[in-house]
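In: need the 3D shape of this:
(one chain, ligands or ions: 1)
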Amino acid sequence: MNLLDGRALATTLKSEIKVEVDAILSTGKRAPHLSAILVGNNPASESYMKNKFKSCEAVGLTSELIRFNEDITEKELISAVVKLNEDPKVDGFIVQLPLPEHIDSNKILLAVDPSKDVDGFHPYNFGCMAQGLDCFLPATPYGIMLLLDRNNVSTEGKNVVIIGRSNIVGTPMSLLLSRKGNPGNSTVTLAHSRTKNIKGICKAADIIISALGKPFFVTVDMVKPGAVIIDVGINRIDDLSRKSGSRLVGDVDFEKVSPIASHITPVPGGVGPMTVIALIKNTVKAYNKGNN
Ligand code: GUN
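Out: Residues are numbered from 1 along each chain as shown. The predicted model follows:
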C-alpha cells in the first residue's frame, strides 16, 4: 500500500510556490492577495480558514478575513462581494460555504467576478472547466488532480467511481477525470443517494473517490484489491480514548481498506492540505492574469 501523503506534497508545493512569489516580490511588485468572506462562526469553516491563511502567509501571499454575523442580509452580502470585485488589490476571494439558510448561495456565487473566483464556483468557470477551457478549477478536485499527478497515479482508461454529486467536489471531479488529458481519460461513474447497487459498482472500480461525508461508508467488501482510494470525507466521531473526546475520520474504513489498496489517502493529511494548495495556486494565477 502506498500512502498518498497530501501533507508532504503540500509542503513540497508550498516551497515551489514560495519561489514563484519571491521572484514576484524581488521585482518590487506587491504580493498576490486572497480575501475570504466568512459568515457566522461554523467551527469547521473557522478551522479551514485558519489553515488557508497560515499557508498563504507561508508562501508570501497576503490575505484578509472579512467576517459577518449570521444575520447579515443577502443584499448586504452581495454588496460585500461587489466591493471585493472592485478592489484592485484583491486578486481573488472566496465566500466560505455553507452560508446561513436565509441566504441563497447561488445568488452570492453569481455576484463574484469570474476573474477573481479562485474557488471556481461561478457558472462561468464551471462551464469553462466542463469544456476544457482555461479557468479556475474548484479547490478540492484540483487538489486531487495534483495529488494523483505528482504521485504518478495513472487514470488513463481507468474505471473511476465518485461517490457524492456536490457542486464543490463530486460533479466537478467527474468532469475533470472524464476530460482528455493526464490526469483524465477515465471512465467515470458518479454515484449518489439514488444509485442502486453502490457496493457492486464500487467493487468494479480501479479508483474510488468518496466525497459523501459518512464515516466508514466505504468498507473493505466494496473495494477491489489494488484499487486507488481517495477519501474526501472529513467527519468528526466520538473517541473517548482521546483527550478531546473525538477524532477526525474520512468516509473510508482506512484500517481495513488500506492493506488491500494500491494507494490511499489518510484523513487527516490527505486531500485536505491539497485543497489549500489549489486555492493558493488559483490566487497566484489570478494575480498573474491581472495587471500588477
Ligand atoms: N466549504 C467547504 N469546502 C469549501 C471550499 O472549497 N470553498 C468554499 N468557499 N467553501 C467551502
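
In: now residue 268: which helix or strand?
Out: When elements are assigned from DSSP states H and E, residue 268 belongs to no helix and no strand.

In: swap that for residue 79, please
Out: helix 74-86.

In: with residue 279 instead?
Out: helix 271-289.

In: which elements pack onto that helix?
Out: Contacts defined by 3 or more CB pairs under 8 Å, 6 or more residues apart in numbering; DSSP states H and E place helix 271-289 against helix 6-26, strand 33-39, helix 43-59, strand 92-95, helix 139-150. (C-beta placed from N, C-alpha, C; glycine too.)

In: most tightly surrounded among those?
Out: Among the helices and strands packed on helix 271-289, ranked by average contacts under mean count of other CB atoms under 10 Å, first place goes to strand 92-95 (a mean of 26).

In: what comes into contact with that strand?
Out: Residues from elsewhere that reach strand 92-95, judged by CB atoms under 8 Å, 6 or more residues apart in numbering: 32-37, 39, 77, 81, 84, 108-109, 112, 116-119, 136, 279, 282-283, 286-287.

In: please spell out which residues along the helix holding residue 279 are buried.
Out: 271-287 (16 or more other CB atoms under 10 Å).

In: go on, stretch 217-229?
Out: 217, 218, 222, 223, 224, 227, 228, 229.

In: pipe the residues you listed into JSON lines and attach distance to residue 5 and pLDDT per row.
Out: What follows is those, written out as JSON lines (distance: CB to CB, whole Å; pLDDT from 0 to 100):
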{"residue": "217", "distance to residue 5": "23", "pLDDT": "98"}
{"residue": "218", "distance to residue 5": "19", "pLDDT": "98"}
{"residue": "222", "distance to residue 5": "23", "pLDDT": "98"}
{"residue": "223", "distance to residue 5": "20", "pLDDT": "98"}
{"residue": "224", "distance to residue 5": "23", "pLDDT": "98"}
{"residue": "227", "distance to residue 5": "18", "pLDDT": "98"}
{"residue": "228", "distance to residue 5": "14", "pLDDT": "99"}
{"residue": "229", "distance to residue 5": "14", "pLDDT": "99"}
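
In: distance of whatever residue of the stretch 1-150 of the chain ends up closest to the ligand from residue 48?
Out: Closest residue of the stretch 1-150 of the chain to the ligand, CB to the nearest ligand atom: residue 97 (3.7 Å). Look at residue 97 and residue 48: by CB to CB, to the nearest Å, they are 10 Å apart.

In: can you check residue 118 too?
Out: From residue 118 to residue 48 the distance is 14 Å (CB to CB).

In: could I get the buried residue list for the helix or strand harbouring residue 202?
Out: If you go by DSSP H and E, residue 202 is part of helix 198-203. By neighbour count with 16+ other CB under 10 Å, helix 198-203 contains the buried residues 198, 201, 202.

In: in a markdown table, list those along with pLDDT and distance to the ligand.
Out: Formatted as a markdown table, those follow (pLDDT from 0 to 100; distance: CB to the nearest ligand atom, whole Å):
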| residue | pLDDT | distance to the ligand |
| --- | --- | --- |
| 198 | 98 | 23 |
| 201 | 98 | 25 |
| 202 | 98 | 24 |
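
In: sec struct for residue 65, please.
Out: When classified by DSSP: H, G, I helix; E, B strand; the rest coil, residue 65 comes out as strand.

In: and it, what does it touch?
Out: 35, 36, 38, 49, 53.

In: between those residues, which is nearest residue 91?
Out: residue 35 (8.8 Å; CB to CB).

In: isn't that closest one right next to residue 62, touching?
Out: No - counting by CB atoms under 8 Å, residue 35 sits too far from residue 62 to count as a contact (9.4 Å).

In: what packs against the lowest-mean-pLDDT helix or strand in the chain?
Out: Within the chain, no helix or strand scores below helix 43-59, which has a mean of 92 by mean pLDDT, DSSP states H and E. Counting by 3+ CB pairs under 8 Å, 6+ apart, the packing neighbours recorded for helix 43-59 are helix 6-26, strand 33-39, strand 62-68, helix 271-289.

In: using PDB, list the CA coordinates for that helix.
Out: What follows is helix 43-59, C-alpha atoms only, in PDB (Å, rounded to 0.1, in the frame of the first residue of the first chain):
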ATOM      1  CA  PRO A  43     -16.300  25.600  13.700                       C
ATOM      2  CA  ALA A  44     -15.400  23.600  10.600                       C
ATOM      3  CA  SER A  45     -15.300  26.700   8.500                       C
ATOM      4  CA  GLU A  46     -13.200  28.500  11.100                       C
ATOM      5  CA  SER A  47     -10.700  25.700  11.100                       C
ATOM      6  CA  TYR A  48     -10.500  25.600   7.200                       C
ATOM      7  CA  MET A  49      -9.900  29.400   7.200                       C
ATOM      8  CA  LYS A  50      -7.100  29.200   9.700                       C
ATOM      9  CA  ASN A  51      -5.300  26.600   7.600                       C
ATOM     10  CA  LYS A  52      -5.800  28.600   4.400                       C
ATOM     11  CA  PHE A  53      -4.400  31.800   5.900                       C
ATOM     12  CA  LYS A  54      -1.500  30.100   7.600                       C
ATOM     13  CA  SER A  55      -0.500  28.600   4.300                       C
ATOM     14  CA  CYS A  56      -0.900  31.900   2.400                       C
ATOM     15  CA  GLU A  57       1.500  33.500   4.900                       C
ATOM     16  CA  ALA A  58       4.000  30.700   4.500                       C
ATOM     17  CA  VAL A  59       4.300  31.200   0.700                       C
END
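
In: perfect, I'm done here.
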